[in-house]
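K.L.:
how would this look folded up:
(one chain, ligands or ions: 3)
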Amino acid sequence: MADSADHDSLTLFASASGFGRAAVSVIRISGPACLDVLKAISPPLPIPRRLSLRTIRDPNSRDIIDRGLVGWFPGPNSFTGEDMAELHLHGGLAVRTAMLRTLARIPGCQAAGPGDFTRRAALNGRLDLTQAEGIADLIDAETEAQRRQALRQLDGALGRQVGAWRETAIDLLARTEAALDFSDESDVDDEGLDAVLARDAGALSKQIQAVLGDGRRGERLREGFFVVLAGPPNAGKSTLLNALAGREAAIVSSLPGTTRDAIEVRCDLGGLPVVLVDTAGLRETEDPVELEGIRRTRRHMEDADLVLHLSPADGPGREAAQRPHSLAVRTKVDLVASSRLDDGLGVCALSGSGLDALLEAIQAAAEASLGGGEALVTRERHRSALTRACGHLDCVAGGMVLAPELMAEDLRLAVRALGEVAGHVGVEEMLDRLFAGFCIGK
Ligand SMILES: Nc1nc2c(c(=O)[nH]1)N(C=O)[C@@H](CNc1ccc(C(=O)N[C@@H](CCC(=O)O)C(=O)O)cc1)CN2
Ligand SMILES: Nc1nc2c(ncn2[C@@H]2O[C@H](COP(=O)(O)OP(=O)(O)OP(=O)(O)O)[C@@H](O)[C@H]2O)c(=O)[nH]1
Ligand SMILES: [Mg+2]
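P.N.:
Ligands and ions are numbered 1, 2, ... in the order given. As a prediction, this is how the structure comes out:
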């Protein structure tokens, strides 16, 4: 965080393309010194918003750093709203290091922290807080459904909806305050106004609650659908995880009690983010390490969106599904004659037989949980602010008994809670929290 109220005079720079080796790396610069920096390192100044090939030099030594493409984006029509520049360099480690060092030596320039560019965009009114979150989610999106949801939020879908609710609440507040102002004028009949306000507040609360009643799909799509592989030691949990992941993520052995720590593998099932968790086999044991592993298994099973109960086909009968969100799966079906297999899910992780049907079943469960329409609420932050707003609106809605002053206060608190979502209030603090999870250069 290089920014605070009086730091806008600083010009920030950072690699916008990470720190690995690549064909091209992009360095972004934003702030009042941009124009002078470009004139000093890569004259002449390019035509605005058109990448131009330039020799880029250290302004003091005149040493050539690289020959690259330079972009000049004068404010206020830039991503941050400030003057901005981009240097598209060869993507080598030494090139980037030399460039960043050179920029750091230019007076008024400072290396940006995580999220600093987006923070400036938000503080300059180019984005609201929900759109800034959309950017963070878009960068983190690993699957198609996550990408679409993030893009929708970046496009302002949540911000617009909450903005409209806030306008409605402001309107209710204005009507209440008008009634308060005129209440001592005996000829103004505000009899019945309370009832109308209560009804309108209740209607607004219902609208918000309808959106909140989405089964947390938006939040869960960001987190992923958690599938826990559970069952007795040696059931073949780790072998199945590896087969599903397509790599040797977990250690497999014929010794029961091999897996102790939970092992997570992220995958993409039909565009949905699924996290497979291999766990320690459940059994009675004295081994303190294994006991801890089993304790963790139980915790993972409680938190899971879906539990696969694995049991070897050559062992005792199929376990009945213990919870609604669980599936019984027989493993090692190669060990028994096919005539002895029941109709349920069965896999042989060694040959891959049955894996497609299992993946289909997992995908169907993930679709039932995460799919089914576009969620607006994507973070607990949104949910808690909207829930608070509903609480205040419901006080007004249920409130023939409330004094108009108290109605006004509840409406004010509802407006405030709704304002938090897009960052009309408390924006600095929210930005700090959000950008703690951002990457540098964004
Ligand atoms: N090279 C490069 N690619 C990039 C970005 C970038 O900053 N640089 N982006 C960075 O996130 C994303 C694109 N987002 C952007 C959003 C707004 C503006 C911008 O200049 N907006 C101005 C002018 C718009 C116009 O001319 O149509 C504005 O909104 O006023 C640029 C990029 C992804 N790709
Ligand atoms: N024949 C056959 N053997 C299997 C199959 N899947 C796993 N095995 C074997 O079963 C043994 C146990 O496999 P693991 O995957 O380590 O079992 P686990 O459930 O993870 O066991 P713990 O981590 O100890 O709880 C290993 O020797 C595997 O090679 C299968 O489909 N068929
Ligand atoms: Mg194991």
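K.L.:
Tell me, what's the model's pLDDT at Thr331?
P.N.:
We note a pLDDT of 95 for Thr331 in this prediction.
K.L.:
Once you drop chain neighbours, what's closest to it?
P.N.:
Gly236 (3.9 Å; CB to CB, 6 or more residues apart in numbering). Bear in mind the C-beta positions are built from the backbone N, C-alpha and C, glycine included.
K.L.:
Could you report the pLDDT at the one you found?
P.N.:
If you check Gly236, the pLDDT there is 95.
K.L.:
Likewise for Glu429?
P.N.:
64.
K.L.:
And for the one 5 residues further on?
P.N.:
Looking at Leu434, its pLDDT stands at 71.
K.L.:
what's the answer for Asp305, then?
P.N.:
For Asp305, the pLDDT comes out at 94.
K.L.:
can you pull the contacts of it?
P.N.:
Neighbouring residues of Asp305 by CB atoms under 8 Å, 6 or more residues apart in numbering: 220, 225-227, 325, 365-366, 369.
K.L.:
Give me the distance between it and ligand 1.
P.N.:
Relative to ligand 1, Asp305 is positioned 32 Å away (CB to the nearest ligand atom, to the nearest Å).
K.L.:
What are the boundaries of the strands in the stretch 51-200 of the chain?
P.N.:
In the stretch 51-200 of the chain, the strands defined using DSSP state E, counting those that start in this stretch lie at 52-57, 64-73, 84-90, 109-111.
K.L.:
Outline the domain layout of the chain.
P.N.:
4-128, 131-214+377-423, 223-370 (automatic domain parsing).
K.L.:
Show me which positions of the biggest helix by length in the chain end up buried.
P.N.:
When the chain is parsed with DSSP state H, its longest helix is helix 157-182. Residues 157-159, 161-163, 165-166, 168-170, 172-173, 175-177, 179 are the ones in helix 157-182 that count as buried (16 or more other CB atoms under 10 Å).
K.L.:
now stretch 297-312
P.N.:
So for stretch 297-312, counting by 16+ other CB under 10 Å, buried means 297, 300-301, 304-312.
K.L.:
again, but for stretch 13-24
P.N.:
13-17.
K.L.:
same deal with stretch 95-108?
P.N.:
95-96, 98-99, 102-103, 106.
K.L.:
Just to be sure, which of those residues are found in helices?
P.N.:
Those of the buried residues of stretch 95-108 mapping onto helices are 95-96, 98-99, 102-103, per DSSP H.
K.L.:
Out of the buried residues of stretch 95-108, flag the one nearest to ligand 2.
P.N.:
Nearest to ligand 2 among the buried residues of stretch 95-108 is Arg96, at 43.5 Å by CB to the nearest ligand atom.
K.L.:
now the strands of the stretch 51-200 of the chain in TSV, with mean neighbour count and mean pLDDT?
P.N.:
Listed next are the strands of the stretch 51-200 of the chain as TSV, based on neighbours: other CB atoms under 10 Å; pLDDT from 0 to 100:
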stretch	mean neighbour count	mean pLDDT
strand 52-57	16	98
strand 64-73	19	98
strand 84-90	22	98
strand 109-111	18	97
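K.L.:
can you map out the helices along this structure?
P.N.:
Using DSSP H, helices in the chain cover 34-41, 93-104, 116-123, 129-140, 144-154, 157-182, 193-212, 217-223, 237-245, 288-303, 355-370, 380-397, 404-422, 427-435.
K.L.:
does any part of the fifth one sit near ligand 1?
P.N.:
No - using CB under 6 Å from any ligand atom, we find that helix 144-154 stays clear of ligand 1, coming within 9.1 Å at best.
K.L.:
Could you name the helices and strands sitting against that helix?
P.N.:
helix 129-140, helix 217-223, strand 272-278 (3 or more CB pairs under 8 Å, 6 or more residues apart in numbering; DSSP states H and E).
K.L.:
what angle separates it from helix 157-182?
P.N.:
40 degrees (axes from the mean of the first three to the mean of the last three CA atoms, to 10 degrees).
K.L.:
gap between helix 144-154 and the chain center?
P.N.:
Computed by CA atoms, centre = their mean, to the nearest Å, the chain-centroid distance of helix 144-154 equals 10 Å.
K.L.:
re earlier: drop anything exposed from the contacts of Asp305.
P.N.:
The neighbour-count test (16+ other CB under 10 Å) marks 220, 225-227, 325, 365-366, 369 as buried among these.
K.L.:
can you list the residues you listed in CSV and add pLDDT and distance to ligand 2?
P.N.:
Shown next, in CSV, are the buried ones among the contacts of Asp305 (pLDDT from 0 to 100; distance: CB to the nearest ligand atom, whole Å):
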residue, pLDDT, distance to ligand 2
Arg220, 93, 27
Phe225, 95, 21
Phe226, 96, 18
Val227, 97, 15
His325, 87, 20
Ala365, 94, 21
Ala366, 94, 23
Ser369, 89, 25
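K.L.:
for those residues, which one is nearest ligand 3?
P.N.:
Val227 (15.3 Å; CB to the ion).
K.L.:
what's that closest one in contact with, if anything?
P.N.:
Neighbours of Val227 in contact, by CB under 8 Å, 6+ apart: 274-277, 304-308, 362, 365.
K.L.:
Just flag the most distant two among these.
P.N.:
The span of the contacts of Val227, defined through CB to CB, is set by Val277 and Ala365 at 14.4 Å.
K.L.:
Point out where the stretch 101-250 of the chain drops to low pLDDT.
P.N.:
182-191 (pLDDT under 70).
K.L.:
Spatially, what comes nearest to the most centrally placed residue in the chain if we skip its sequence neighbours?
P.N.:
Centroid-nearest residue in the chain: Asp137, 4.2 Å away (criterion: CA atoms, centre = their mean). Leaving aside its chain neighbours, Asp137 sits nearest to Ala150 (3.6 Å; criterion: CB to CB, 6+ apart).
K.L.:
Smallest gap between the stretch 251-400 of the chain and ligand 1, at which residue?
P.N.:
For the stretch 251-400 of the chain, CB to the nearest ligand atom, closest residue to ligand 1: Thr378, 18.9 Å.
K.L.:
and that residue, how many neighbours?
P.N.:
Neighbour count of Thr378, defined by other CB atoms under 10 Å: 25.
K.L.:
what's near enough to touch the nearest residue to Gln149 once chain neighbours are set aside?
P.N.:
Of all residues not flanking Gln149 in the chain, Leu221 sits nearest, at 5.6 Å (CB to CB, 6+ apart). Neighbouring residues of Leu221 by CB under 8 Å, 6+ apart: 145-146, 149, 272-273, 370, 375, 378.
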